[in-house]
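Peer 1: coords please:
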Amino acid sequence: MSISLLEESITCPYCWEIVEILVDPSASQTYTEDCYVCCRPILIDATISEGKAVIQVTQEDLGF
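Peer 2: Just a heads-up that it's a prediction; the model follows:
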């Protein structure tokens, strides 16, 4: 069984550019991913509910 990743749009909390990320819909997760525009670390919290993702982002050094 293969799991399709969800493509989600987020706004970088540093440069304010809209960037695309891939989210694993099988479980909620918190991870860091670099912005592909400004290369700064974005802390991403993805909560999965009924197959849909609720995404929160912040600067890595601020935390949630």
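Peer 1: for R40, give me its contacts.
Peer 2: Residues counted as contacts of R40 (CB atoms under 8 Å, 6 or more residues apart in numbering) are 12, 14-15, 34, 59-60. Where C-beta positions appear, they are placed from N, C-alpha and C, glycine not excepted.
Peer 1: name the next helix or strand downstream of whatever helix or strand I42 lives in, please.
Peer 2: Under the criterion of DSSP states H and E, I42 resides in strand 41-49. Next along the chain after strand 41-49, taking DSSP H and E as the criterion, comes strand 52-59.
Peer 1: compute the inter-axis angle for that next one and strand 41-49.
Peer 2: For strand 52-59 against strand 41-49, the angle by axes from the mean of the first three to the mean of the last three CA atoms, to 10 degrees is 160 degrees.
Peer 1: that older thread, widest-spaced pair of the contacts of R40?
Peer 2: Maximum pairwise distance among these (CB to CB): 13.8 Å, between C15 and E60.
Peer 1: pLDDT weak spots in the chain?
Peer 2: Counting by pLDDT under 70, the low-confidence segments of the chain come to 1-2.
Peer 1: can you count the residues close to the closest residue to V54 other than its chain neighbours?
Peer 2: Distance criterion CB to CB, 6 or more residues apart in numbering; nearest residue to V54, sequence neighbours excluded, is T47 at 4.6 Å. Number of residues near T47 (other CB atoms under 10 Å) recorded here: 14.
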